[in-house]
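>>> with the sequence up front, the predicted model follows.
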4 protein chains.
Amino acid sequence: MIRVTVWNEFVQEQMEGKEAILKVHPGGIHETLKGILAEDDQMQIRTATLEMPECGLSEQVLNDTDVLVWWGHVAHDRVPDEIAERVRQHVLRGMGLVALHSAHLSKPLTRVLGTSCTLKWREGDRSRVWTVDPTHPIAQGIPAYIDLPEEEMYGEFFDIPTPEDQVFISWFAGGEVFRSGCTWKRGYGKVFYFQPGHETNESYHNPHIRRVIQNAVRWAMPTIRMDVLDCPHIERALEADWK
Amino acid sequence: MIRVTVWNEFVQEQMEGKEAILKVHPGGIHETLKGILAEDDQMQIRTATLEMPECGLSEQVLNDTDVLVWWGHVAHDRVPDEIAERVRQHVLRGMGLVALHSAHLSKPLTRVLGTSCTLKWREGDRSRVWTVDPTHPIAQGIPAYIDLPEEEMYGEFFDIPTPEDQVFISWFAGGEVFRSGCTWKRGYGKVFYFQPGHETNESYHNPHIRRVIQNAVRWAMPTIRMDVLDCPHIERALEADWK
Amino acid sequence: MIRVTVWNEFVQEQMEGKEAILKVHPGGIHETLKGILAEDDQMQIRTATLEMPECGLSEQVLNDTDVLVWWGHVAHDRVPDEIAERVRQHVLRGMGLVALHSAHLSKPLTRVLGTSCTLKWREGDRSRVWTVDPTHPIAQGIPAYIDLPEEEMYGEFFDIPTPEDQVFISWFAGGEVFRSGCTWKRGYGKVFYFQPGHETNESYHNPHIRRVIQNAVRWAMPTIRMDVLDCPHIERALEADWK
Amino acid sequence: MIRVTVWNEFVQEQMEGKEAILKVHPGGIHETLKGILAEDDQMQIRTATLEMPECGLSEQVLNDTDVLVWWGHVAHDRVPDEIAERVRQHVLRGMGLVALHSAHLSKPLTRVLGTSCTLKWREGDRSRVWTVDPTHPIAQGIPAYIDLPEEEMYGEFFDIPTPEDQVFISWFAGGEVFRSGCTWKRGYGKVFYFQPGHETNESYHNPHIRRVIQNAVRWAMPTIRMDVLDCPHIERALEADWK
C-alpha cells in the first residue's frame, strides 16, 4: 500500500466565485485528487486542508504519509513556516512530494528546491503537454502528447533548479513553452512538479493527466525512510581497522 | 572588477583555543581568504563578520557584491533567518555564492540548495582532492590532484541536490570519499561548494586550493542581475499579435 | 583568436532546386555562417565542404581548429566513417563542435552523442525560440524569445542524451515543442546543438540567431587540448610514496 | 520474467595464465555472472561469447534480450563493428546494457556513450565502493560502503559523459577515487557501468556486489521497446485540426 495525503488549501472553494470551481470539483480539489488516486486500489488516501489544526499535517500524519500531494494557490502564506519546514524535513527523510499547478509558489516546494519558482502566466489558454522522456516511470502509458482544451498558461523563464528528469514540456496556443513535468531528488525524498490543474479547468478529469498523477505518486514512493538527518562524528577511521 | 564580500563568522578566532586558528590565520579566516582573492588585481574585496550590524550584510552591501564567499562553523544559528533569506534572495537575483568547508551547514547554502547538507566527519585526516571535470572553469590550472597533508574528513552520504557540475571528488586516507567541489545554478546566481578549509589546517595556504577559490569567484560572477523575481501576468498572448 | 572551421556539405546548393537556397545563401550556407562569425574580429574562419579532399578535414586542419561548425542535410552518409571518427577524436581531445539544424543526423554529432538523434519534422512552420537558461554564456544578449517567421518544424521526441544545459526550447505554431538548444561535454570538448537553419529560411539572417551562433563558438573554445587519450598504467601507488 | 544475455569475451580463460582466472571463475566469467543473476528466479539467463557465430548476438538473440550484461577485456577489437553497431541499435530501441569492469573500453559502451572511456589503472589494490545515491534502485539493500580486499585500481580522470545518476564512487587504498557506478539513458534504453570485477579477484563472490548487479539488471529492464527509430514526416500540423 502507498499511504498518500492529499493537501489542498481549500480556500477558493469557499470564497466568492466558488461556483466555477465547485462545478468542476464538487467536493473541492482535494476530493477530485483523491478520486484520481482511488482508481489505484494500492493507494490508501487521506485529505488535509489549511483550516484543519496544524493544517492537517501533524508529525503523526506525516510519519504515516508515503507521498504528499500538494495543491495551493491564494493562501500559500497562510501555511505557517513551521508546518512548511516540517514538510521539508519529512521530504528530506524520504517522503515523496507531488506539487501541482499553482503549488509552484507553495512553501513546501520552494523550500525544498531553493529557488523562487516564479514564471509568467495568463488565464484561458489551450495547452498540449509533450512527453520528452518516454521511458520515465511517470510517462508510462502516456501518449506522445496530451491535449488540454483549457488551461492556464505558465511560461518560461521558470525559475527552478535544473530538473533531474525533464519528463514533460508544454506548448501553449498563445505562443509559450513551459517545462511542465520535472523531477528532483531531495535528501531521501523524491519531488515531482506538474503544471496542469487550474481550478476552473477540466484537466484533472482528463484520463492521461489522471494517469500522470497516479504514476507520479507511485514513482515518489520512498525506498528508505530516515528517522533523522545529522552529521555523525566518526571516531575511528575505517582504515584504522584494516589489517 | 569583481566585487567580492568575504563573510566569516569570526567566532572561533575569539574563543578559547583560538591560538591554533590564529597561528594559521593571523587576522582571522576572512583575512586569509581576502589575501587569496587579492592575488587577482581584478578583485575588489571587503570582509564582513557575524558581530557587525546586520552581520555586515545590509541590502546595500549585497547590492554592491558580485560574489559572496562564506565561511562559518560553530555559529550558523546565530545568523538571523532574515539575513539568511536576504542572502538567498540576492543569490536568486544573480549574486554568486562560494561556500567553504563547514559552511555546508550554513543557512545561506542550505536555503538555496533545499537539502540538509549533512555528512560524516572526523578530524585529523589526510586528503587528496581529485579533479574529475578538467575542462571546468573552476579547474583551470589545477593538476590531476591536490595533496592536503592535514584536513578534516568529510564523507558520504553528503545530502546535497545532484551537483550540476561535479568538479572535484576527495579521497581521505582514513577510507572515505567525498563530492568535494560541486556547482549548482539557483535563479540567476551560481553556487559553488568546496570542502577544504578546516580552521586549524594549512589548506588555504596551498597554492592550488587558492587557485580553486580564485577560479570559483571568477566563475560565479553574475552575467545578469535582476531587481526583482516575480510572476508577471501576461495580458495579451503573443499569438494574438501574430498576423 | 578562435580558429573556426565551418563545414557545409554544400550539396543542395548545386542541385536542382538550388535557386531557393542560393537566394538566401548566395555563396552557400558555409559562406553565410562564415559571415556570422566574421562579425567577431577575434575569430579566424575557414570553410570546408564535402567535395574537398578528405572533406576538407585533414588532421592538419582539425589540429588547427578550435571549434568546428557543422551543417549537413542530404549527404550525411557521404562523409566517410574515417572522417567522422577523426572529428570525434578531435572533439574528445578538446575541439568544440557546434552542430546546426539538420546536422542532428550527421555522423560527427551522432557519434559523440551515441543516440539516434531522430525527431519529427514538417516543413513550413513558424517558430519561437524560448530562452530557458538566461544566464548561460550562449544566451548572453539574447531576449526572452526569438521569433522566426519561417522555419522547419522539429518536434519531440528528440532522441538525444539528457542535455547538460538546456539553453533553448522552441515553440512551433503547428503545435509542437522541441529542445532546440542543448549542450553536452564529451571528453575535453564541448558540443552545442541548435535547431534553426533550414536551407531556404532566413533564420541565419536574424540578428539574435547570429548572436547565438557567435556565443556558441566562443563557449565551445577549448580550455585544454590533449594530444592523445589513453589509459595510462600507474606503476606505483601515490600512497606508496607517502610518509 | 527478465530475459538476460550475459556476454563474456571468454578469451583469457583459454589463454596462458588462465589458471588464476579459472580458480575464481571455474566456468568462465559468464558462468559466474549467470550464477549471480540466477539467484533471482524472475531472470531467464543465456550466455554468449566471442567465439560463437555472430559473437552469439544475432538479431534474434538481441530481440529476445531485455538486458545485456557485458564483460570484455583483451579482445574488444575482435568484436566486429557490425555487431557492436547492432548492439547499439538495440540499446537505443530499449534493451538495457550493464557494462562491467574492463568493458569500459568495449565497443558497445563507447558507442552508446560517445566518449573514449579512458582512465588510469593499476593492478593489485584494495577498494571501497561508497554509495552516494542511497535511494537509487541500484543501491537498494546495499550498505554505506562495500569493502573489496582485492581489486584493480581504476582512477580519474574517467572520460565519460556526465553520469545522469552517480550511484557509487570508489576509494582505492593507493590514493585514488573513481566514479564507479554510473547510469545514462540512451534512446529508449538504460545503461549502467560498474567498476568491480577484475578477472582474478573475488569481487563477484561478494554478496553486495552480486546484489548491485542483480539490481542493475532489474533497473535496466525496458519499459518500452521500439521496432525502429526514424524521423517521421508529419504532413499535417496538429493545429490544422484544431477548431
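Sure, I can see it. Because the structure is predicted, anything quoted here is derived from the model rather than measured.

>>> how distant is the helix or strand hosting A:Val69 from the center of its chain?
Under the criterion of DSSP states H and E, A:Val69 resides in strand A:67-71. In this view, strand A:67-71 has its centroid 5 Å away from the chain centroid, taken as CA atoms, centre = their mean, to the nearest Å.

>>> is the residue nearest the centre of chain A in a helix, a strand, or coil?
Chain A has A:Ala99 as the residue nearest its centroid, 1.7 Å off, counting by CA atoms, centre = their mean. Put simply, A:Ala99 is strand when judged by DSSP: H, G, I helix; E, B strand; the rest coil.

>>> let me know whether it touches A:Tyr193 as I believe.
Yes: at 4.9 Å, A:Ala99 counts as touching A:Tyr193 under the criterion of CB atoms under 8 Å. Every C-beta, even on glycine, is put in place using the N, C-alpha and C of the backbone.

>>> what's the longest helix in chain A?
helix A:207-220 (DSSP state H).

>>> at the contact with chain C, which residues of chain A appear?
A:128, A:130-132, A:134, A:144, A:155-158, A:162, A:165-166, A:169-172, A:175-177, A:179 (CB under 8 Å from any CB of the partner chain).

>>> for chain B, tell me which of these show up nearby.
Okay, of these touching chain B (CB under 8 Å from any CB), that's A:155, A:162, A:175-176.

>>> farthest-apart pair in those residues, please.
The largest separation in those, counting by CB to CB, is between A:Thr162 and A:Gly175 at 24.1 Å.

>>> higher neighbour count, the two?
Neighbour count, other CB atoms under 10 Å in any protein chain shown: between A:Thr162 and A:Gly175, A:Gly175 has more, with 24 against 20.

>>> the closest residue to that one other than its chain neighbours: how many residues sit nearby?
Once flanking residues are discounted, A:Gly175 sits nearest to B:Leu238: 3.4 Å by CB to CB, 6 or more residues apart in numbering or on different chains. B:Leu238: 17 surrounding residues under other CB under 10 Å.

>>> let me see the ranges of the strands in chain A.
Counting by DSSP state E, chain A has these strands, from start to end: A:2-8, A:43-49, A:67-71, A:96-100, A:120-131, A:145-155, A:165-172, A:177-186, A:189-194.

>>> using JSON lines, lay out those together with distance to C:Asp66.
Below are the strands of chain A laid out as JSON lines (distance: least, CB to CB, whole Å):
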{"stretch": "strand A:2-8", "distance to C:Asp66": "53"}
{"stretch": "strand A:43-49", "distance to C:Asp66": "56"}
{"stretch": "strand A:67-71", "distance to C:Asp66": "49"}
{"stretch": "strand A:96-100", "distance to C:Asp66": "44"}
{"stretch": "strand A:120-131", "distance to C:Asp66": "36"}
{"stretch": "strand A:145-155", "distance to C:Asp66": "36"}
{"stretch": "strand A:165-172", "distance to C:Asp66": "31"}
{"stretch": "strand A:177-186", "distance to C:Asp66": "32"}
{"stretch": "strand A:189-194", "distance to C:Asp66": "39"}
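
>>> which bits of chain A sit near chain D?
Residues of chain A lying near chain D by CB under 8 Å from any CB: A:94, A:126, A:128, A:133-135, A:137, A:140, A:145, A:164, A:173, A:185, A:188, A:190, A:222-224, A:238-239, A:242.

>>> switch the cut-off to 10 Å
A:94, A:126, A:128, A:133-137, A:139-141, A:145, A:147, A:149, A:164-165, A:171, A:173, A:185, A:187-190, A:222-224, A:226, A:238-239, A:242-243 (CB under 10 Å from any CB of the partner chain).

>>> and stretch A:126-138, what's buried?
By 16 or more other CB atoms under 10 Å in any protein chain shown, the buried positions in stretch A:126-138 come out as A:126-136, A:138.

>>> what's the closest of the residues you listed to chain B?
Chain B has its nearest neighbour among those in A:Arg126, at 10.2 Å by CB to the nearest CB.

>>> separation between the residue nearest to the residue nearest to the centre of chain A when sequence neighbours are not counted and A:Arg78?
Residue nearest to A:Ala99 in three dimensions, not counting chain neighbours: A:Leu109, with 4.4 Å by CB to CB, 6+ apart. To A:Arg78, A:Leu109 is 16 Å away according to CB to CB, to the nearest Å.

>>> also A:Phe194?
Separation of A:Phe194 from A:Arg78 (CB to CB) stands at 23 Å.

>>> comparing the two, which residue is more hemmed in?
Set side by side, A:Phe194 and A:Arg78 show more neighbours around A:Phe194, with 26 against 13, by other CB under 10 Å.

>>> was I right about the more buried one contacting A:Val98?
Yes: look at A:Phe194 against A:Val98 with CB atoms under 10 Å: they come within range, at 7.1 Å.

>>> name the residues contacting each of the two.
Common neighbours of A:Phe194 and A:Val98 (criterion: CB atoms under 10 Å, 6 or more residues apart in numbering or on different chains): A:69, A:138, A:212-213, A:216.

>>> quick one: which of the residues you listed is nearest C:Ser58?
Nearest to C:Ser58, judged by CB to CB, of the shared contacts of A:Phe194 and A:Val98 is A:Ile138 at 48.1 Å.

>>> still on that earlier bit, give me the angle between the strand holding A:Val69 and strand A:2-8.
Angle between the axes of strand A:67-71 and strand A:2-8 is 20 degrees (criterion: axes from the mean of the first three to the mean of the last three CA atoms, to 10 degrees).

>>> quick one, strand A:67-71 and strand A:96-100 angle?
In terms of direction (the same axes, to 10 degrees), strand A:67-71 departs from strand A:96-100 by 20 degrees.

>>> what's the mean pLDDT across strand A:67-71?
What strand A:67-71 shows for mean pLDDT is 98.

>>> and that strand, what does it pack onto?
Contacts defined by 3 or more CB pairs under 10 Å, 6 or more residues apart in numbering or on different chains; DSSP states H and E place strand A:67-71 against strand A:2-8, helix A:29-38, strand A:43-49, helix A:81-92, strand A:96-100, helix A:107-113, strand A:189-194, helix A:207-220.

>>> how about these in JSON lines, adding mean pLDDT and distance to C:Thr47?
What follows is these, written out as JSON lines (pLDDT from 0 to 100; distance: least, CB to CB, whole Å):
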{"stretch": "strand A:2-8", "mean pLDDT": "98", "distance to C:Thr47": "59"}
{"stretch": "helix A:29-38", "mean pLDDT": "98", "distance to C:Thr47": "57"}
{"stretch": "strand A:43-49", "mean pLDDT": "98", "distance to C:Thr47": "61"}
{"stretch": "helix A:81-92", "mean pLDDT": "98", "distance to C:Thr47": "54"}
{"stretch": "strand A:96-100", "mean pLDDT": "98", "distance to C:Thr47": "50"}
{"stretch": "helix A:107-113", "mean pLDDT": "98", "distance to C:Thr47": "46"}
{"stretch": "strand A:189-194", "mean pLDDT": "98", "distance to C:Thr47": "45"}
{"stretch": "helix A:207-220", "mean pLDDT": "98", "distance to C:Thr47": "48"}
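
>>> redo the ones you listed as TSV? Include distance to B:Gly17.
Rendered in TSV, the data for the helices and strands packed on strand A:67-71 read as follows (distance: least, CB to CB, whole Å):
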stretch	distance to B:Gly17
strand A:2-8	48
helix A:29-38	55
strand A:43-49	49
helix A:81-92	33
strand A:96-100	42
helix A:107-113	35
strand A:189-194	38
helix A:207-220	46
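
>>> so what's A:Gly155 bridging to?
Beta-bridge pairing of A:Gly155 under DSSP bridges involves A:Lys120.

>>> now do the contacts for it.
A:Gly155 makes contacts with A:119-122, A:125, A:170, A:172, A:174-178, B:232, B:234, B:238, C:130, C:144-145, C:171, as judged by CB under 10 Å, 6+ apart.

>>> for those, which ChimeraX command selects only the ones that are buried?
Those of these that count as buried under 16+ other CB under 10 Å are selected in ChimeraX with:
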select /A:119,120,121,122,125,170,172,174,175,176,177,178 /B:234,238 /C:130,145,171
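
>>> contacting residues for A:Tyr145?
By CB under 10 Å, 6+ apart, the residues touching A:Tyr145 are A:127-131, A:168-171, A:208, C:155-156, C:175-177, D:238.
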